[in-house]
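**Q** Predicted model and sequence follow; I will ask about them next.
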There are 2 protein chains.
Amino acid sequence: MGSLEEAIKQKEFKDPYNKLVVNLLYTHSYLVSAQNKILKPFDLSPEQFNVLRILRGQNGVPTTVSSIQDRMLNKMSNASRLVDKLKIKQLVERRECPADRRQVDIVITDKGLKLLSDCQTYMEGFNNEVVKLSEDEAILMSNLLDKLRG
Amino acid sequence: MGSLEEAIKQKEFKDPYNKLVVNLLYTHSYLVSAQNKILKPFDLSPEQFNVLRILRGQNGVPTTVSSIQDRMLNKMSNASRLVDKLKIKQLVERRECPADRRQVDIVITDKGLKLLSDCQTYMEGFNNEVVKLSEDEAILMSNLLDKLRG
DNA sequence: TGATATTAATTGTATAGACACGTATTAGTT
DNA sequence: AACTAATACGTGTCTATACAATTAATATCA
């Protein structure tokens, strides 16, 4: 299952750029599937997990919805609805922002923090297992990704 | 906007593996957004585009739904419904498979081929524009991605 | 001040991904 | 032949992405 060609049964690509784009899309699917498997028992989607992580990073300081959106990996996502799902599960709280009543302050609850730390135990070794690269190769690839986006 | 840290406003990562995974997710979103912009005028989603490409690669030989599924970048996707959308737009045809009546043969129509070749004109330079790497770097990264998945 | 523009958040709608389940058809086995 | 297993495809449901539109609150400025 190693090579991309084998995985998607395509013999050749127009050029290295085309192949790289396809490879990135395919590898993304590989990673997200693995993430899903880990988070499933916690009834969290990767996106919900990400939002909780962002909120925990605030150390109790309330964050607005748009600030969460800015920090999300997918800029076209919809933080408002994700927060909604998390609120229903009582993992976050909404508070009216007194300074600007258009904004809504979001804080992670104790239940949210607990769930996140439980997840962490399982997620700890996840990246190292799924990413079959050396540390140096991982660093090299991160740098290439930064360069790719310009 | 270069570095990942800046883009998602996260100061540090647990280790290079964690950073790489996050970087891949973020870069994926960057690529898909760009793809969407190009395909929008043609009323095609990246996934529908991919299915049409797979079908064209068959050179007129009918393909079953499960065969399309196997070649898709996202293995958890739903080829059946994607084909349905393409059929509504008359870009593909379904034919009952005489050899095995469980299967459904899919063929791209002339209208589908025309649309795909129109797209191609715009997609031609896409990868090279969006991926700001040298050819050698693109090849290096493709190899690293193959290795990443093991 | 009052009209206008901008911003924050939510909502609507279409498409797609994740995954379980149902149904028809074929393959395999005794 | 009859029973069972496997396969191909479709459907249902929930979640998320993409993007336009709406609403309420604040900022800007003539």
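**A** Yes, it's here.
**Q** and stretch A:137-150, is it in reach of chain B?
**A** Yes - counting by CB under 8 Å from any CB of the partner chain, contacts between stretch A:137-150 and chain B involve A:137-142, A:144-150. In this view, the C-beta of every residue, glycine as well, is placed from N, C-alpha and C.
**Q** Pull out the buried members of those residues.
**A** Buried residues within these, counting neighbours by 16 or more other CB atoms under 10 Å in any protein chain shown: A:137-142, A:144-146, A:148-149.
**Q** Buried residues in the worst-scoring helix or strand of chain A on mean pLDDT, which are they?
**A** Ranking every helix and strand in chain A by mean pLDDT, DSSP states H and E puts helix A:126-130 at the bottom, with a mean of 90. Going by neighbour count (16+ other CB under 10 Å), the buried part of helix A:126-130 is A:126-127, A:130.
**Q** try stretch A:59-77
**A** For stretch A:59-77, the neighbour count (16+ other CB under 10 Å) marks A:62-65, A:67-69, A:71-74, A:77 as buried.
**Q** again, but for stretch A:77-85
**A** A:77, A:79, A:82-83.
**Q** Say whether DNA strand D is contacted by it.
**A** Yes - if you take CB under 7 Å from any atom of the strand as the test, stretch A:77-85 does meet DNA strand D, through A:77-78, A:81-82, A:85.
**Q** now swap in stretch A:113-128 and tell me
**A** No - shown here: stretch A:113-128 not in contact with DNA strand D (CB under 7 Å from any atom of the strand), separated by at least 13.7 Å.
**Q** contacts for that stretch?
**A** A:34-35, A:38-39, A:42, A:44, A:49, A:52-53, A:56, A:91, A:108, B:15, B:17-18, B:20-21 (CB atoms under 8 Å, 6 or more residues apart in numbering or on different chains).
**Q** same thing but 7 Å
**A** With contacts defined as CB atoms under 7 Å, 6 or more residues apart in numbering or on different chains, stretch A:113-128 is touched by A:38-39, A:42, A:44, A:49, A:52-53, A:56, A:91, B:17-18, B:21.
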